[in-house]
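Enquirer: What shape does this take:
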Amino acid sequence: KFEFQGETYVIKKIRDKGVGDRSTKQVSAIHKFFDDMNRNYKYDSLSLTQSFSNVLSFIFADTGYDYVIVDDFENQDVGEKFGDAYALKLFKNALEIFGSELRIEGKTVYLETEIGSRTDIQFRYGYNVTTLEREVDTKNLTTYVKGYGDGLESEYTSPNAAIYGIIPAEPVRDDRITNMETLEKRMMERINDTPDLKIKVNVAFIDGEVEEGDY
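Expert: From the prediction side, this is the model:
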């Protein structure tokens, strides 16, 4: 483990490398929260429509962590069996279902619709950005999805299929859905019709304070 900016991180991978007559270590670590949550298994389960608070209470029970819901979140359908999995997996699912972002301070997790704030701080190549890397990942790309509800059936093809071709997503199957609008909403949540894009920069200096989630 090691401390960084007042938070504890757990080393999960170590790489030793010889450079001339010197030896270096490169480590990969995750915040202790994620390591602890991945050691806690939930054998029970929830079902049907639940509040965000009910779901989080179920996930965080006996984990040693607290949570604070900062913004308002509507109740959501969590499915027929939300549980029987590690707390970390359930927590990630809950963030997707309710559309929440998180920030961690010690043993407390804050849930918000959007963390960070909008600033006028600039990152410019050749000014304060020294290196820039761009990564495009298409392994999770999907452009087509089918949906089945109670007496309902629908399908959707993304316009991006003209670029990437027809790539099926796992279909939505839920007999509790009796409304076409709900079915189509679930279908659109299932599809991922644009490549995942990551941009990594090394910054020499920053004019102002920058926090996670800032624009």
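Enquirer: The protein: helices as residue ranges?
Expert: Remark: helices assigned in the chain by DSSP state H are 32-37, 52-60, 87-98, 161-164, 180-190.
Enquirer: tell me which strands and helices the second one is in contact with?
Expert: By that I understand helix 52-60. strand 41-46, strand 66-69, strand 82-86, helix 87-98, strand 108-112 (3 or more C-beta pairs under 8 Å, 6 or more residues apart in numbering; DSSP states H and E). All C-beta spots, glycine's among them, are computed from the backbone N, C-alpha and C.
Enquirer: that older thread, now the helices of the chain in JSON lines, with mean neighbour count, mean pLDDT and distance to Gly208?
Expert: Converted to JSON lines, those look like this (neighbours: other C-beta atoms under 10 Å; pLDDT from 0 to 100; distance: least, C-beta to C-beta, whole Å):
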{"stretch": "helix 32-37", "mean neighbour count": "19", "mean pLDDT": "96", "distance to Gly208": "28"}
{"stretch": "helix 52-60", "mean neighbour count": "19", "mean pLDDT": "97", "distance to Gly208": "33"}
{"stretch": "helix 87-98", "mean neighbour count": "18", "mean pLDDT": "94", "distance to Gly208": "29"}
{"stretch": "helix 161-164", "mean neighbour count": "12", "mean pLDDT": "96", "distance to Gly208": "39"}
{"stretch": "helix 180-190", "mean neighbour count": "16", "mean pLDDT": "89", "distance to Gly208": "36"}
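Enquirer: So which of those is nearest Val203?
Expert: Ranking the helices of the chain by their distance to Val203 (criterion: C-beta to C-beta) puts helix 32-37 first, at 25.1 Å.
Enquirer: How about residues contacting that closest one?
Expert: Residues external to helix 32-37 that are found in contact with it (C-beta atoms under 8 Å, 6 or more residues apart in numbering): 1, 7-10, 12, 63-65, 86-88, 91, 104, 109.
Enquirer: Among these, name the buried ones.
Expert: Those of these that meet the buried threshold are 9, 63, 65, 87-88, 91, 104, 109, by 16 or more other C-beta atoms under 10 Å.
Enquirer: now, among those residues, which is nearest to Glu211?
Expert: The closest of the buried ones among the contacts of helix 32-37 to Glu211 turns out to be Ile104 (C-beta to C-beta; 12.8 Å).
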